[in-house]
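> what's the 3D shape of this:
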Amino acid sequence: MATVGTTLIKLDGTEYYSPSFPRGGLAATFSVDVTHFHGVTNITITVQHRDENETTWTDADSFTPITAAGTKTLDVTGLKQILRFKYAFTGGNAEDGVHFIMQAPSWRPYG
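Numbers count the residues shown, from 1 in each chain. Prediction:
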């Protein structure tokens, strides 16, 4: 049975970015469910953010580097108006990759 989600292949090792999305609260818990993990040493998922009048992205926080299939969570506070995810691979070969499902954030007020 196939799992709906996102599959990323390391290829040349350049980072991948998700589409941007609006903030739903000043803080959130982000969850990722990694269902397949092949070859790479790890993948790091970073939450990036910016305000609508800014032109550059800054890192809000990152998941602990992921080294195997499983569910991981990240709690982030002080979020700006627009967010996206950055996916970066470490180690492995060009054909190595990961399949995962990014869950919808659990938004809340700051704190």
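> Name the helix or strand for Gly25, please.
Under the criterion DSSP states H and E, no helix or strand holds Gly25.
> Name the nearest residue to it, ignoring sequence neighbours.
Ranked by C-beta to C-beta, 6 or more residues apart in numbering and with sequence neighbours excluded, the top spatial neighbour of Gly25 is Trp107, at 3.3 Å. Placement of C-beta: from N, CA and C, glycine included.
> again with Ala28
In space, and not counting its chain neighbours, Ala28 is closest to Pro105: 4.1 Å by C-beta to C-beta, 6+ apart.
> Ok, Asp12 next?
Using C-beta to C-beta, 6+ apart and skipping residues adjacent in sequence, the residue nearest Asp12 is Ala94, 6.8 Å away.
> In terms of secondary structure, what does the helix or strand hosting the residue nearest to Gly25 contact?
Element membership of Trp107, judged by DSSP H and E, is strand 106-108. On a contact count with 3 or more C-beta pairs under 8 Å, 6 or more residues apart in numbering; DSSP states H and E, strand 106-108 meets strand 27-38.
> for the strand it packs on, packing partners?
With contacts defined as 3+ C-beta pairs under 8 Å, 6+ apart, the packing partners of strand 27-38 are strand 42-50, strand 70-77, strand 97-102, strand 106-108.
> Tell me which of the ones you listed lies nearest to Ala27.
Comparing the helices and strands packed on strand 27-38 against Ala27 with C-beta to C-beta, the closest turns out to be strand 70-77 (4.1 Å).
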